[in-house]
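*Asks:* Predicted model and sequence follow; I will ask about them next.
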Amino acid sequence: MTTSTEMDNPCYKTLDALLNKYENNEYMLQRINTHITTILPNTLENEFKNHEKRVNRTVSLRNNQNVFIQVFLSKNRFFYIPANNFFYEYTENKYMIVKEDYIIHTLLSSISKDRTLLQWKHKTRINVLKQIKDRPLYNSIPETETIQNVLNILYPAFFSSKKIAKYFLTIIGDNILKKNQHLIFLVSQNMKQFLIELDNVAVSSIGNTNTTSNFMTKYHENHLYENCRLIKLNGSYSKDYWREKLNIFGLDLLCVATHYSKRYTNSDLFIVNNSDEELKKYAFYVKSNTQQTIIDEFCDKCIISTNSEYKMEWKNVHFIWKQFLSKYNIPNVIYSTVFKNLFMDKYSYVSNTDQFCGLTSTFLPMYGEFILFWNNVITINDATTETFDSEFEIDEIHTLFKMWVKDNSETVSSIGAISEDTILNIIKHFFPTVEIIDDKFILNISCSLWNKIEDINKSFKYIKESVTKDLCDELLSFDDIYRSYCDLCNKNNIKNVVSKQYYDKYLYHNCSEYIEYDTFIKMDFIINY
């Protein structure tokens, strides 16, 4: 007798319904008995065995799939950044952006070779892509060769040591991973283009827009000294070389940067735990000082206290201050008015003459001699009046200055090794109205020591004598003309030689009606000169 619980079972209900339905049909009752006692047990046994096979096969396929995926992702190091939906591959010690179709093709080719997962291609593809999307690019660990390739790009071309290059990379990694976002890195102006190029690569390759946002070329009073750090790029570098290297290794650089950020925790801890004392002192210079201690250091190194007969004008103090900052690669973190007030607290100041009493500096004679030279031999022309002979290069002024000092050695002292950069800074500071292009060309000035136009005009006579020996050619190239001019200077031991650019500019300006094909002069001009 069945219980009420058993009767709730659908099997019992079905069987009870069949028995009731065929209770008066002997044949059908016999068939029900046969199915239950003979056919059903065999059918269930077969079903059980087939189910076990399917389960075992599924377990085996799943295990095979797990092993396959593990091996595939080990051999094929694919990564992902969700922010820009980009896939990446790290192969042969190089990172590169790849398409999802490329990953799928690589995956299906591997499955076809393996063959055990052919029936699970679709499932495997989904699982692999899911796991790749769970592998952030920033978690990848670059090989030593990749790291060294990046360091060899940065050092010595851009940074003076590998330690500084590593420090820079750690800073970039911090920025990408959004660490220490309160820090400000004060750098020189010549680093600006360097950073712009790197930022462009970061935006296009990893979609990061704040890679260099905390690098500043100017200090602002809102910047706390505690948050300021220094890093120095080499004085000069090739922008084309940097751009070329970034196009090839830019993604590698960014990945090494994030690796360093994780390896050293952050840039400050890199300095504390892994840098030498010189780098530490420089990087933390602003953080470790106050306005007063920086001014005290300037005074110790550049200012000499003497008797009251000596006086130093404020503009001279200010210029020497700027040279001090330049020499030691320190950004100007003190506004001019603040600096002057603090300087006035240290020394006696006469307001009506804007002078400090009892002060001098070892730098003053050199600057004073150049100013004397400038005032004696240089004339600043009216910029509104077009004068062709009104352009000098910094190196030409440097040469003329040395000649002037030599000729006036009885009245001025020897200057030693004054640099072109120093001359440029003197002109910018003491003669601010002078127009300077690209820190190289000084416009709208003339010099009594050298008349460039006169030298060029004299050269035409020599060129005429040289070319009239052979009048077969109807045209004379700019290069041949300038070569003859240089030959004349060498023969006559002429020290001041105008540049090829200036000579060509003269030809364009004064001989335009004789110019053919942009860089040739008609022979008529030379013969009839």
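*Replies:* Thanks, I have the structure now. Not measured: the values here are computed from a predicted model. Residues are numbered from 1 along each chain as shown.
*Asks:* got a list of what residue 197 touches?
*Replies:* Going by CB atoms under 8 Å, 6 or more residues apart in numbering, residue 197 touches 239, 242, 243, 246. Yep, even glycine has a C-beta here, placed from its N, CA and C like the rest.
*Asks:* which one among those residues gets closest to residue 313?
*Replies:* Nearest to residue 313, judged by CB to CB, of these is residue 239 at 38.8 Å.
*Asks:* host element of the spatially closest residue to the closest one that is not a sequence neighbour?
*Replies:* Distance criterion CB to CB, 6 or more residues apart in numbering; nearest residue to residue 239, sequence neighbours excluded, is residue 193 at 5.8 Å. Using DSSP states H and E, residue 193 maps to helix 192-206.
*Asks:* Could you identify the helix or strand that succeeds that helix?
*Replies:* Next along the chain after helix 192-206, taking DSSP H and E as the criterion, comes strand 215-216.
*Asks:* Just checking: what are the partner strands of the following helix or strand past that next one?
*Replies:* Using DSSP H and E, the helix or strand that follows strand 215-216 in sequence is strand 228-230. Counting by DSSP bridges, the strands paired with strand 228-230 are strand 184-186 (parallel).
*Asks:* Not counting its own residues, what contacts the partner strand?
*Replies:* Outside strand 184-186, the residues that touch it by CB under 8 Å, 6+ apart are 171, 214-217, 219, 223, 227-231, 286, 331, 333.
*Asks:* Just the mean pLDDT for it, thanks.
*Replies:* For strand 184-186, mean pLDDT rounds to 97.
*Asks:* Repeat that for stretch 53-60.
*Replies:* Stretch 53-60 shows a mean pLDDT of 66.
*Asks:* Output stretch 220-228 in CSV, but only the C-alpha positions, please.
*Replies:* Provided in CSV are the C-alpha atoms of stretch 220-228 (Å, rounded to 0.1, in the frame of the first residue of the first chain):
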residue,chain,number,x,y,z
HIS,A,220,53.6,79.0,-8.6
GLU,A,221,53.1,80.5,-5.1
ASN,A,222,50.3,78.0,-4.5
HIS,A,223,52.8,75.1,-4.8
LEU,A,224,54.0,74.1,-1.3
TYR,A,225,57.7,73.5,-1.0
GLU,A,226,56.9,70.2,0.8
ASN,A,227,55.3,68.9,-2.5
CYS,A,228,58.0,70.1,-4.9
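*Asks:* that older thread, now for the contacts of residue 197: which two are most distant?
*Replies:* Of all pairs in these, the most separated under CB to CB is 239 and 246 at 10.5 Å.
*Asks:* quick one: which of the two has more around it?
*Replies:* Neighbours around residue 239 and residue 246, counted as other CB atoms under 10 Å, are more numerous at residue 246. The numbers are 21 against 11.
*Asks:* just the strands in the stretch 401-529 of the chain please.
*Replies:* Along the stretch 401-529 of the chain, the segments classed as strands by DSSP state E, counting those that start in this stretch run 435-437, 441-443, 445-447, 475-477, 515-516, 520-522.
*Asks:* out of those, which comes closest to residue 66?
*Replies:* In terms of CB to CB, the element of the strands of the stretch 401-529 of the chain nearest to residue 66 is strand 435-437, at 67.0 Å.
*Asks:* Adjacent strands (with direction) for that closest one?
*Replies:* For strand 435-437, pairing defined by DSSP bridges yields strand 441-443 (antiparallel).
*Asks:* model confidence over the partner strand, on average?
*Replies:* Averaged across strand 441-443, pLDDT comes to 91.
*Asks:* residues making contact with it?
*Replies:* The list of residues contacting strand 441-443 from outside it, by CB under 8 Å, 6+ apart, reads 383, 390, 391, 392, 393, 394, 397, 427, 434, 435, 436, 437.
*Asks:* I figured the third one was touching residue 502, is that so?
*Replies:* Yes - with contact taken as CB atoms under 8 Å, residue 391 and residue 502 are classed as touching, separated by 6.8 Å.
*Asks:* what's the distance between residue 67 and residue 74?
*Replies:* 11 Å (CB to CB, to the nearest Å).
*Asks:* Please say which of these two ends up with more neighbours.
*Replies:* Comparing residue 67 with residue 74 by other CB under 10 Å, the one with more neighbours is residue 67, at 13 against 8.
*Asks:* which SSE is the more buried one in?
*Replies:* helix 40-75.
*Asks:* phi, psi of residue 285?
*Replies:* As for residue 285, its main-chain torsions (degrees, to the nearest 10) stand at phi -60, psi -50.
*Asks:* Can you get me a residue count around the closest residue to it other than its chain neighbours?
*Replies:* In space, and not counting its chain neighbours, residue 285 is closest to residue 230: 5.4 Å by CB to CB, 6+ apart. Look at residue 230: counted by other CB under 10 Å, it has 20 neighbours.
*Asks:* next one: residue 105
*Replies:* The number of residues packed near residue 105 is 11, by other CB under 10 Å.
*Asks:* Assign it to helix, strand or coil.
*Replies:* Classification of residue 105 using DSSP: H, G, I helix; E, B strand; the rest coil returns helix.
*Asks:* Going forward, count from 861.
*Replies:* With 861 as the first residue, the last one maps to residue 965.
*Asks:* pLDDT value on it, please?
*Replies:* Looking at residue 965, its pLDDT stands at 92.
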